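*Asks:* fold the following and give me the result.
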Amino acid sequence: MGVIEINNEKVLIKQLALGSESAFQKLFDSYYNIIYKYSLSMVGSKPHAEEIVQEVFLKLWLKRESLNPELSFKSFLFTITKNQTITFLKKAARVDKLREEVFFHSQKFISNTELHINEQEIDSIKREALGLLPSRRRLIFEMSRYEGKSYEEIANELGISKNTVKNQMNMALETLRDFLLKNKDIALMVLLIHKNWL
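*Replies:* Sure thing, here's the model as predicted:
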C-alpha cells in the first residue's frame, strides 16, 4: 500500500488516537516499507531493521493518545525511527558480536558514506568531539585509540587502576556518541564505529 492521502491520513490518525486498531493497521501498512528502508540503510541488517520497525510501531501505538493530526505524521514516525536506530547503534557499539554482525552487513553503506566524508573532515569532527572531554579523560581515550595501548598499560603509565581507565573510557565513549548523534549524521557514527574509533 502506498502512502495515504493527507486528508484520509488525518482521519486515520484521529481514529488511532481513539484506539482504533483498524486505523493503526492501515497506517502500519502504508508506512512500513518507508520506515524499514530507512532503518536498513542505517543498520545494514534486515533482521535488525525489522526489529527496529516493530519497536517504532509499538511506540506509535503506546503514544497514540498524544498524536496531533495537524502535524506531520511522517516526520513523527521518522523521529521515532531515528531514536530507535540511535539506541540500537549504541548497543551495537558496546556488544562485540552485534557490532561485527551489523557492520559486516553495512559494508556497502559504509563505503558510500566514505565517498562523501573525507579524512580531513572526519579529523575535524573528531577534534571537536574530543574537546568536550575533561583533560584526563581525553588523555586516556587518546592513549587507547591513537596509541593502541591496553587498559592495563594505560593504568600503569598513569598510576591509576584498570577499572578507573575502563570507567573513564566508557564515559568518554558515551559523551562522544551523544555528541555525534545530536550534532552530526547517524551515518558518521556508523563510519566511526566501523573504524573502531567509537
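
*Asks:* ok, so what distance separates the residue nearest the centre of the chain from L12?
*Replies:* The centroid of the chain falls nearest to I86 when counting by C-alpha atoms, centre = their mean (2.1 Å). Using C-beta to C-beta, to the nearest Å, I86 is found at 28 Å from L12. Where C-beta positions appear, they are placed from N, C-alpha and C, glycine not excepted.

*Asks:* hang on, the earlier thing: correct me, but the residue nearest to the centre of the chain touches L180?
*Replies:* No - counting by C-beta atoms under 8 Å, I86 does not reach L180; the two are 9.8 Å apart.

*Asks:* quick check: buried residues in stretch 172-184?
*Replies:* The neighbour-count check on stretch 172-184 (16 or more other C-beta atoms under 10 Å) flags A172, L173, T175, L176, R177, F179, L180, L181 as buried.

*Asks:* so the second one is in which element?
*Replies:* L173 is part of helix 162-183, with elements assigned from DSSP states H and E.

*Asks:* tell me, please, the helix or strand in this protein that averages the lowest pLDDT.
*Replies:* Within the chain, no helix or strand scores below helix 107-116, which has a mean of 50 by mean pLDDT, DSSP states H and E.

*Asks:* next secondary structure element downstream of that one?
*Replies:* Later in the chain than helix 107-116, the nearest helix or strand by DSSP H and E is helix 119-130.

*Asks:* buried ones in that following helix?
*Replies:* Applying 16+ other C-beta under 10 Å to helix 119-130 flags I122, I125, K126, A129, L130 as buried.

*Asks:* same question, stretch 128-142
*Replies:* Across stretch 128-142, burial judged by 16+ other C-beta under 10 Å covers A129, L130, L133, R137, R138, I140, F141.

*Asks:* cool, stretch 35-52 as well?
*Replies:* If you call a residue buried by 16+ other C-beta under 10 Å, then stretch 35-52 has these buried ones: 35-36, 38-45, 48-49, 52.

*Asks:* make CSV from the buried residues of helix 119-130 and add distance to S22 and pLDDT to it.
*Replies:* Listed next are the buried residues of helix 119-130 as CSV, based on distance: C-beta to C-beta, whole Å; pLDDT from 0 to 100:
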residue, distance to S22, pLDDT
I122, 48, 79
I125, 46, 84
K126, 50, 87
A129, 47, 90
L130, 52, 93
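
*Asks:* in TSV, list the residues you listed along with distance to S161.
*Replies:* Formatted as TSV, the buried residues of helix 119-130 follow (distance: C-beta to C-beta, whole Å):
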residue	distance to S161
I122	32
I125	31
K126	27
A129	26
L130	23
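
*Asks:* of the residues you listed, which pair is most distant in space?
*Replies:* The two members of the buried residues of helix 119-130 with the most space between them (C-beta to C-beta) are I122 and L130, at 12.4 Å.
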